[in-house]
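Chemist: need the 3D shape of this:
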Amino acid sequence: MKKWLFSFAQCLVALGICFQSVAQDASNYPNKPIRLIVPVPPGGAADGMARLVAEHLQSKWGQPVTVDNKPGAGSAVGLGLLATSPKDGYTIGMGNIAANAINPALQPNAFSYQPVKDFAAISLIGVTPLVLVVNADKVPARNLQEFVAYLKANPDKLAYGSSGTGSSLHIAMELFLQKTGTKMLHVPYKGSAPMMTDLLGGQVVAAMDAATTSWPQVKAGKLRALGIAGSEKAFFAPELPLIRDSVSGFDVKPWHGLMAPAGTPPAIVNKISAEVQAFLKTPEAQTKLQDKGVVKVGNSAAEFQTFMASEYELYKKVIQDAGIKPD
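Modeler: Residues are numbered from 1 along each chain as shown. Modelled structure (predicted):
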C-alpha cells in the first residue's frame, strides 16, 4: 500500500512539473524568432493577412516573425511542411478552405497530412465574401427567388462557371443547387479570369465568385448580384441580401486561419490566439483587411478547431452528393 502511495505521489509530482513546464513555456514565449508558413505565393489576400498578423506579433513581442511562402499543390506543400514542423510554437502557418477542407474531401488519400487532426487551430483570421452573380443580359431574374424559379423552369439548360473543378467557387455553387433543388451545367475554367471573360460574354450565365473580381463588373452593370454567400452582410454592399436568408443551410465563405502543428502546447496556442484576437478587434486591422477584400473574424482556438472540423464534413458531403471527381 505504502509503495503504491509513493508511486502515486511520484506521478503527481511529475505531472506538476509537466504542467509547470508548460506554463513556463507560455510565460516565456516567445524568446526566439517565429516562422510563419504561408502556403501560397507572395501577394493576394492570404499572403496579405499573414503579413499583417506577422507584423503585429513582431511589434508586440519584440521577436522576428518571418513569413515563409511555400506554395504548391493547392496549398498542400505548405500545410504538409507545417504538419511535420516542431511542436513548440515557433513554426505556425496559414490554413485555408482549400487545403483543410475541400481538397482533402475531394481526394482523401492524396495528402501527406490529415486536414483537421494534424493541426492545432489558433484563430480564424478572415473570410473573403463570395457573390452570386448572373449575366445581366442573359438572365432575367432580379433576385434570388426569381433566379431559383428561372432555374426550375430551365433544368440543365443553363451553365455556370467556376475557377476549376473542386474550387471553392465550384463547391459553393453546387451547394446552392443542392439546397434549392435546381440543376445547371458546370463549366470549369483554369482560374477566375477566363471564367469571368466567358461570364461577361454569356457563354456561361452565372457564377459564385469572389467579390474582389466580380463587384467591379456589377458596378459597371454587366453583372447582376443576387446575394452574398456568407453569414454577414457585405461591407461593400450592405443592401445585398444573404443567400442563407432565402436558402436554408447555405453558408459558404472561403476562409484563412492561423494554426500550428498538432501537439503544440495549448498554453502557447492560446497565447498566440489571444494576441491575434485582440489585434483583429482594432479598427486598423479591420480597415486593412477590408482593403484586401477580407472580412475579419478572430475567434478562439477551440472555436476555430470546431469550425475546421465542420467545414471538412460539410464539403465532404457536398462533394459526395454531387458526385464530384478530381480532374
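Chemist: so where do the strands sit in the stretch 151-300 of the chain?
Modeler: Using DSSP state E, counting those that start in this stretch, the strands of the stretch 151-300 of the chain run over 159-162, 185-188, 206-210, 223-228, 255-261, 295-296.
Chemist: for the longest one, which strands pair with it and how are they oriented?
Modeler: It stands for strand 255-261. Within its sheet, strand 255-261 is paired with strand 91-96 (antiparallel), strand 119-127 (antiparallel), according to DSSP bridges.
Chemist: about what we covered before: including mean pLDDT, distance to residue 281 and mean neighbour count, could the strands of the stretch 151-300 of the chain go into CSV?
Modeler: In short, each C-beta sits where N, CA and C put it, glycine included. Converted to CSV, those look like this (pLDDT from 0 to 100; distance: least, Cβ to Cβ, whole Å; neighbours: other Cβ atoms under 10 Å):
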stretch, mean pLDDT, distance to residue 281, mean neighbour count
strand 159-162, 98, 34, 23
strand 185-188, 97, 39, 14
strand 206-210, 96, 25, 27
strand 223-228, 97, 23, 23
strand 255-261, 98, 15, 26
strand 295-296, 92, 8, 20
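Chemist: mind giving me CSV with those and columns for distance to residue 133?
Modeler: Shown next, in CSV, are these (distance: least, Cβ to Cβ, whole Å):
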stretch, distance to residue 133
strand 159-162, 10
strand 185-188, 15
strand 206-210, 6
strand 223-228, 4
strand 255-261, 20
strand 295-296, 18
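Chemist: quick one: which of the strands paired with strand 255-261 is nearest residue 146?
Modeler: Of all the strands paired with strand 255-261, it is strand 119-127 that lies closest to residue 146, at 27.1 Å by Cβ to Cβ.
Chemist: per-residue pLDDT, the nearest residue to residue 26 once chain neighbours are set aside?
Modeler: Excluding its sequence neighbours, the residue lying closest to residue 26 (Cβ to Cβ, 6 or more residues apart in numbering) is residue 267, at 3.5 Å. Looking at residue 267, its pLDDT stands at 97.
Chemist: relative to residue 70, how far out is residue 267?
Modeler: Separation of residue 267 from residue 70 (Cβ to Cβ, to the nearest Å) stands at 27 Å.
Chemist: for residue 115, identify the helix or strand it belongs to.
Modeler: Counting by DSSP states H and E, there is no helix or strand that carries residue 115.
Chemist: pLDDT at it, what is it?
Modeler: Per-residue pLDDT puts residue 115 at 96.
Chemist: what do you get for residue 313?
Modeler: Residue 313 carries a pLDDT value of 96.
Chemist: what about the nearest residue to residue 113 once chain neighbours are set aside, how many neighbours?
Modeler: Excluding the flanking residues, the one nearest residue 113 by Cβ to Cβ, 6+ apart is residue 83, at 3.9 Å. By other Cβ atoms under 10 Å, the residues close to residue 83 number 20.
Chemist: residues contacting residue 83?
Modeler: Shown in contact with residue 83 (Cβ atoms under 8 Å, 6 or more residues apart in numbering): 112-114, 118-119, 261-262.
Chemist: which of those residues are buried?
Modeler: Neighbour-count burial (16 or more other Cβ atoms under 10 Å) is assigned, among those, to 113, 118-119, 261.
Chemist: for the residues you listed, could you give me JSON lines that also reports distance to residue 228?
Modeler: Shown next, in JSON lines, are the buried ones among the contacts of residue 83 (distance: Cβ to Cβ, whole Å):
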{"residue": "113", "distance to residue 228": "32"}
{"residue": "118", "distance to residue 228": "32"}
{"residue": "119", "distance to residue 228": "28"}
{"residue": "261", "distance to residue 228": "34"}
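Chemist: what is the nearest of the residues you listed to residue 301?
Modeler: When those are compared against residue 301 (criterion: Cβ to Cβ), the nearest one is residue 119, at 10.8 Å.
Chemist: enumerate every residue touching the spatially closest residue to that closest one that is not a sequence neighbour.
Modeler: Spatial nearest neighbour of residue 119, excluding adjacent residues (Cβ to Cβ, 6+ apart): residue 259 at 4.4 Å. Contact analysis of residue 259 by Cβ under 8 Å, 6+ apart lists 82, 92-95, 119-122, 304.
Chemist: for residue 259, list each beta-bridge partner.
Modeler: Going by DSSP bridges, residue 259 is paired in beta bridges with residue 93, residue 121.
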